[in-house]
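Chemist: Sequence first, predicted coordinates after that:
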Amino acid sequence: MSTVTNTEPEQKTIPMSPRRGRPGLSVMLEKYALAAMFIVLCLAFSTMSSTAETFPTLANIKNVLGSESVIAIAALASILPLTCGQFDLSVGAIIGLSSIVTASAAATHDLPVVVAVLAGVLAGAVVGAFNGWLVAYRGVNALIATLGTSTLVAGLISLYTDNQIISVGIPEGLTNLGSGDLLGIPRPVYAIVIVALFVYYLLRHTPYGRYLSSVGASPASARLVGLNVPRMILSSFVLSGALSGIAGVLLLARAGTANPQVGPGFTLAALSAAFLGATAIRPGTFNVPGTLLGVLFVAISVNGLVLAGAADWVEPTFNGAALLVAVTLSTAIARRRTGQS
C-alpha cells in the first residue's frame, strides 16, 4: 500500500503585535472626536457662570433643536450631490424660493395647504433639475452652475415679491407645523428625523446610494462598470432641490412669514455642517449621523457663545471658520485613506 503524504502547507498563526491596537484607537479618535468635543462644550456651557442658568434648561434645548431644523434639512440635502462629487451652492436660494412659492400659493392664490406645500417642494426639485442638467449634460462646473442659479433665483424672488415680506394670509394649519410641541418634542424635530431616515436609508441601504458613492469616488470607473453617470448626477441635484424645498416649507412654518432675503444665508451653515459631518462617525465620507452631529456642534457652540454675551458677528464668523476647518480635515482624512500624500 502506498502512503499518502499531506503536502498542504502548515497553517501558521501569526501572533498579534501589541502595536496593532494603536490603529484601532486612532480610528476611534477619528470617528468620535467631534462627538467628544460636543460633549465637552455642553459641559463647559452648563458650568460657566455666565451660561449655567440658561444653557442647560429644557427651554433652551428645545429652542436650539427647533431653530436648527431648517439648517439640518438643508445640510442633509447638500450631502447628496457631495456624495456624488458635486457642490450645490443653491441650497439656500432654493429654501428661500420654496418659502415664497408656498406662502404665495396659500396666501395669495388661496390654494389648500397640501397643494401649497407640494408646490414649494416641486419648485425646489425643478431648480435642482436645472442645476443637474447644467452640470451633468452641459459640462458646467458645479460651483459655477449652482452659484449662478442661486443668484438667478434670488433675482427672480426679488422681482416677484418686490422685496416685500409675505406675512398676511399664511394658514394657521401651516404655521402649526413649525411651532409648538408634540409629545414634548418640538414639531420640526420630527421633520428632521423623517428626512434623516430617508437620506440614511438611501445612501446606506440601497444600490442607488452605492452608485452615488461610486460616481463620487471615480466617474471614469463608474462609467466602465455601466453606470449612467450623468443621470446619477442629475438625480442627486433633483433630490437635493426637493429636500431644500422641504426646508423652505419648514422655514415658512416656523417664521409664519416668507422673507425674500433670508434664504441664501442657509448655504454656508449647511455646508459647514456637511463637511464637519465628513470628519466624524464615518470619516472621509459624507454621512447622515455625522452631518446631524455637525449641525448640533455648530448650533450649541453659537448658542452658548450668544448666551455668554458674544456679539452678533460670532455666528457667521463661527460658521465660516467651521467650514474652513471641516473642509481641511475631511480632505486630509480622505487623502490619507486613499494613500495620497
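Modeler: Great, that's in hand. Keep in mind that what you see is a predicted model, and the values were worked out from it rather than measured.

Chemist: ranges for the strands of the stretch 101-250 of the chain?
Modeler: Listed in chain order, the strands of the stretch 101-250 of the chain (DSSP state E, counting those that start in this stretch) span 181-182, 185-186.

Chemist: Of all residues in this structure, which one is nearest the centre?
Modeler: Geometric centre of the chain, nearest residue: residue 75, 1.6 Å, by Cα atoms, centre = their mean.

Chemist: Hmm, that residue is touching residue 297, no?
Modeler: No: counting by Cβ atoms under 8 Å, residue 75 does not reach residue 297; the two are 11.6 Å apart. Quick note: C-beta positions are derived from backbone N, CA and C, even for glycine.

Chemist: Buried deepest among the strands of the stretch 101-250 of the chain, which one?
Modeler: Ranked by average neighbour count under the criterion mean count of other Cβ atoms under 10 Å, the strands of the stretch 101-250 of the chain are headed by strand 185-186 at a mean of 18.

Chemist: Once you drop chain neighbours, what's closest to residue 302?
Modeler: With sequence-adjacent residues excluded and distances taken as Cβ to Cβ, 6 or more residues apart in numbering, residue 302 is closest to residue 315, at 4.9 Å.

Chemist: Which positions in stretch 245-256 come out as buried?
Modeler: Of all the residues in stretch 245-256, those buried under the rule 16 or more other Cβ atoms under 10 Å are 245, 246, 247, 248, 249, 250, 251, 252, 253, 254, 255.

Chemist: Just say helix, strand or coil for residue 309.
Modeler: Under DSSP: H, G, I helix; E, B strand; the rest coil, residue 309 falls in the coil class.

Chemist: Please report how far it lies from residue 54.
Modeler: In this view, residue 309 and residue 54 are 11 Å apart by Cβ to Cβ, to the nearest Å.

Chemist: between the two, who's got more neighbours?
Modeler: The residue with more neighbours, out of residue 309 and residue 54, is residue 54; 14 against 9, by other Cβ atoms under 10 Å.

Chemist: The helix or strand encompassing residue 325: how far from the chain's middle?
Modeler: Using DSSP states H and E, residue 325 maps to helix 314-337. Relative to its parent chain, helix 314-337 has a centroid offset of 14 Å by Cα atoms, centre = their mean, to the nearest Å.

Chemist: pLDDT averaged over that helix, what's the number?
Modeler: Mean pLDDT, computed over helix 314-337, is 71.

Chemist: Stretch 57-65 now?
Modeler: Stretch 57-65 carries an average pLDDT of 87.

Chemist: Which positions in that stretch come out as buried?
Modeler: Quick answer for stretch 57-65 (16+ other Cβ under 10 Å): 60, 64, 65.

Chemist: could you check the distance from the second one over to residue 54?
Modeler: Residue 64 is 12 Å from residue 54, where distance means Cβ to Cβ.

Chemist: cool, the last one as well?
Modeler: With the distance defined as Cβ to Cβ, residue 65 ends up 16 Å from residue 54.

Chemist: tell me the phi and psi of residue 88?
Modeler: Note on residue 88: its backbone torsions stand at phi -130, psi 100 [degrees, to the nearest 10].

Chemist: I figured it was touching residue 243, is that so?
Modeler: No: in this structure, residue 88 is not within contact of residue 243 by Cβ under 8 Å, at 10.4 Å.

Chemist: Comparing those two, which shows the higher neighbour count?
Modeler: The neighbour comparison of residue 88 against residue 243 (other Cβ under 10 Å) goes to residue 88, with 35 against 28.

Chemist: Could you pull up the contacting residues of that one?
Modeler: By Cβ atoms under 8 Å, 6 or more residues apart in numbering, the residues touching residue 88 are 77, 78, 81, 82, 128, 131, 142, 146, 237, 240.

Chemist: Ok, residue 79 next?
Modeler: Per Cβ under 8 Å, 6+ apart, neighbours of residue 79: 199, 203, 274, 277, 286, 287, 288, 291.

Chemist: Return the distance of the closest residue to the second one other than its chain neighbours relative to residue 285.
Modeler: Nearest residue to residue 203 in three dimensions, chain neighbours excluded: residue 209, at 3.8 Å (Cβ to Cβ, 6+ apart). Counting by Cβ to Cβ, the separation of residue 209 from residue 285 is 11 Å.
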